[in-house]
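K.L.:
okay, structure incoming, though there's no sequence with it:
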């Protein structure tokens, strides 16, 4: 399954994520986020594996609070 590593930072710092796959059999420790894709795109980018992407406002806010 896919896992993200959310890099630390202050609330208003840019969001940086590493996205990778992991075998469920390896029993990784993780927190889950239930999320529904929407259409409202945020003006602030998220960096995923070094690539800048725009995400929905709700996802951006959730990631800020989670880190």
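P.N.:
Thanks, I have the structure now. These figures come from a predicted structure and were not determined experimentally.
K.L.:
what about this protein, any weak spots by pLDDT?
P.N.:
For the chain, applying pLDDT under 70 flags the ranges 36-39, 41-42.
K.L.:
now the strands for it?
P.N.:
Here the chain has its strands, by DSSP state E, at 2-6, 15-21, 41-48, 51-56.
K.L.:
go through the ones you listed and name the closest to residue 28.
P.N.:
Residue 28 lies closest, by C-beta to C-beta, to one member of the strands of the chain: strand 2-6, at 6.5 Å. Quick note: C-beta positions are derived from backbone N, CA and C, even for glycine.
K.L.:
related to what we said a few turns ago, now mean neighbour count and distance to residue 62 too, for the strands of the chain, in a markdown table please.
P.N.:
Shown next, in a markdown table, are those (neighbours: other C-beta atoms under 10 Å; distance: least, C-beta to C-beta, whole Å):
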| stretch | mean neighbour count | distance to residue 62 |
| --- | --- | --- |
| strand 2-6 | 12 | 10 |
| strand 15-21 | 13 | 10 |
| strand 41-48 | 14 | 11 |
| strand 51-56 | 13 | 9 |
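K.L.:
so which of those strands comes closest to residue 63?
P.N.:
strand 15-21 (5.2 Å).
K.L.:
quick one, what contacts residue 22?
P.N.:
Neighbouring residues of residue 22 by C-beta atoms under 8 Å, 6 or more residues apart in numbering: 1-3, 28.
K.L.:
please report how far the residue lying farthest from the centre of the chain lies from residue 1.
P.N.:
Distance from the C-alpha centroid of the chain, by C-alpha atoms, centre = their mean, peaks at residue 25 (22.7 Å). To residue 1, residue 25 is 11 Å away according to C-beta to C-beta, to the nearest Å.
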